[in-house]
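J.: sequence plus predicted model, see below.
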Amino acid sequence: MALNNKTTTILLVVYTVVATVNVVAELQRFDHRPTKADGSLDILVVGDWGRRGLYNQSDVAFQMGKMGEKMNVDFIVSTGDNFYDDGLTDDNDPLFVESFTKIYTAKSLQKQWYSVLGNHDYRGNVFAQLSPALKQRDSKWLCLRSFIVNSGIVEFFFVDTTPFQDKYFTEEDHDYDWRGILPREEYLSNVLKEVEMALEESSATWKIVIGHHTIFSAGHHGNTQELVDQLLPILEEKEVDLYINGHDHCLQQISSPNSQLQFLTSGGGSKAWRGDINQWNPNELKFYYDGQGFMTLRITEDEIDVAFYDVFGEILHEWSTSKYTLKDS
């Protein structure tokens, strides 16, 4: 069918609009407003957990349930590596129920879970974890590649960090599900543009970015240089307050020497790596624990309070910050 000039022009305009949308698409947003009278927000953070309750996963879940009830938590954040060793096979995989539904059974944990993908999740069927069918199986589940949770006083920017790391595209020991990622350079460029745009437009008092991989870490995996080079400059320029990750199976806090940014690791949801720690500037490494546990956040208009708990429910480390003063506990 021959096209006249008018039709060709219209099609060209439509194509240009679609191409532009693909390059800088707006991240999907979810509103999750505080429900407490004082406007505070209480959150549990756990990562690297899905092992059918093994490696103390069930014990960590039990303590999370107790703390969740005490705090009346608003929601739970998972920092990725949700199902070991190789993600889910499909959205009917029994591992979902065995490692999630049957483990996090406390009433206080039947709140919304916001999850990102880790490298182990990419070894399985990625679309399974992203599938709406999982929410039908367990209503508290939500996992996307990159997205935003808006809680008014704070916005959480979840970032898909696995495709940033070069080694996953060259190693031969594991297969990764890169559907939806290729061409990689275009995908990464889009993610960075989307995050930068969203941070720029945010009017929230607090900005918190969450990804699976470390930016800085004294743990087994150490720094993720690709994120240091590509993501960190955006976080610093846009004055992000916290970067929260998993990946290293530990609990950790590192302070940035260049900004107010804090790097918090909550990757102790199940298997931990005892004794696996590298030397780090003690002025920056505020806390490191090579065992299982989880993290809590309490956020108000004026202050963020962070606490790390071990598998026995004992507080290991506390830290607070405000927009006016900075104090360590």
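T.: Looks like it arrived, so ask away.
J.: wait, Ser255 touches Pro282, no?
T.: No - taking contacts as C-beta atoms under 8 Å, Ser255 lies outside contact range of Pro282: 10.8 Å. Glycine gets a C-beta too; all of them are placed from N, C-alpha and C.
J.: which of the two has more neighbours?
T.: Ser255 (19 against 7; other C-beta atoms under 10 Å).
J.: who does that one form a beta bridge with?
T.: Gln262 (DSSP bridges).
J.: for it, what are its contacts?
T.: 262-263, 283-284, 286 (C-beta atoms under 8 Å, 6 or more residues apart in numbering).
J.: let's see that with 10 Å instead.
T.: Taking C-beta atoms under 10 Å, 6 or more residues apart in numbering, we find Ser255 in contact with 216, 261-263, 281, 283-286, 319, 326, 328.
J.: before we move on, what about Val240?
T.: Going by C-beta under 10 Å, 6+ apart, Val240 touches 157, 195, 199, 202, 206-209, 231-232, 234, 256, 259-262.
J.: okay, and it sits in which element?
T.: Assigned by DSSP states H and E, Val240 belongs to neither a helix nor a strand.
J.: if you skip the residues just before and after it, what's nearest to it?
T.: Nearest non-adjacent residue to Val240, counting by C-beta to C-beta, 6 or more residues apart in numbering: Lys207, 4.7 Å away.
J.: that older thread, list buried residues within the contacts of Val240.
T.: 157, 195, 199, 202, 206-209, 231-232, 234, 256, 261-262 (16 or more other C-beta atoms under 10 Å).
J.: and the pLDDT for Lys238?
T.: On pLDDT, Lys238 comes in at 98.
J.: make that Ser217, sorry
T.: 98.
J.: mind checking how far it is from Ala37?
T.: Distance of Ser217 to Ala37, computed by C-beta to C-beta, to the nearest Å: 38 Å.
J.: who's in contact with the nearest residue to Gln279 once chain neighbours are set aside?
T.: Of all residues beyond its chain neighbours, the one nearest Gln279 is Ala218 (7.4 Å), with distances taken as C-beta to C-beta, 6+ apart. Contact analysis of Ala218 by C-beta under 10 Å, 6+ apart lists 248, 250, 252, 254, 265, 276-281, 284-285, 288, 290.
J.: can you pull the buried residues of stretch 308-322?
T.: Result for stretch 308-322 [16+ other C-beta under 10 Å]: buried residues 308-311, 313, 317, 319, 321.
J.: so which of the residues you listed are in strands?
T.: 308-310, 317, 319, 321 (DSSP state E).
J.: tell me the two of these that are most distant?
T.: Using C-beta to C-beta, the pair of those lying farthest apart is Asp310 and Thr321, separated by 22.5 Å.
J.: most neighbours, which of the contacts of Ala218?
T.: Thr265 (33 neighbours).
J.: which SSE is the closest residue to that residue other than its chain neighbours in?
T.: Spatial nearest neighbour of Thr265, excluding adjacent residues (C-beta to C-beta, 6+ apart): Gln252 at 3.8 Å. Assigned by DSSP H and E, Gln252 falls within strand 251-255.
J.: now do Val149
T.: Going by DSSP H and E, Val149 is in strand 147-150.
J.: the following helix or strand past that strand pairs with which strands?
T.: Note on strand 147-150: by DSSP H and E, the next helix or strand toward the C-terminus is strand 154-159. Next to strand 154-159 in the sheet, as set by DSSP bridges, lie strand 147-150 (antiparallel), strand 206-211 (parallel).
J.: which residue ranges of the stretch 51-200 of the chain form strands?
T.: Ranges of strands in the stretch 51-200 of the chain, per DSSP state E, counting those that start in this stretch, are 75-78, 112-115, 147-150, 154-159.
J.: now those in JSON lines, with distance to Leu88 and mean pLDDT?
T.: Below are the strands of the stretch 51-200 of the chain laid out as JSON lines (distance: least, C-beta to C-beta, whole Å; pLDDT from 0 to 100):
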{"stretch": "strand 75-78", "distance to Leu88": "14", "mean pLDDT": "98"}
{"stretch": "strand 112-115", "distance to Leu88": "12", "mean pLDDT": "98"}
{"stretch": "strand 147-150", "distance to Leu88": "19", "mean pLDDT": "98"}
{"stretch": "strand 154-159", "distance to Leu88": "19", "mean pLDDT": "98"}
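J.: who wins for proximity to Glu185 among these?
T.: Across those, Glu185 has its closest neighbour in strand 154-159 (16.7 Å, C-beta to C-beta).
J.: export that closest one as PDB, just CAs?
T.: Output of strand 154-159 as PDB, limited to C-alpha atoms (Å, rounded to 0.1, in the frame of the first residue of the first chain):
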ATOM      1  CA  VAL A 154      10.000  10.300  51.600                       C
ATOM      2  CA  GLU A 155      10.400   8.800  48.100                       C
ATOM      3  CA  PHE A 156      12.000   5.400  47.600                       C
ATOM      4  CA  PHE A 157      13.600   4.900  44.200                       C
ATOM      5  CA  PHE A 158      14.100   1.200  43.400                       C
ATOM      6  CA  VAL A 159      16.800   0.500  40.800                       C
END
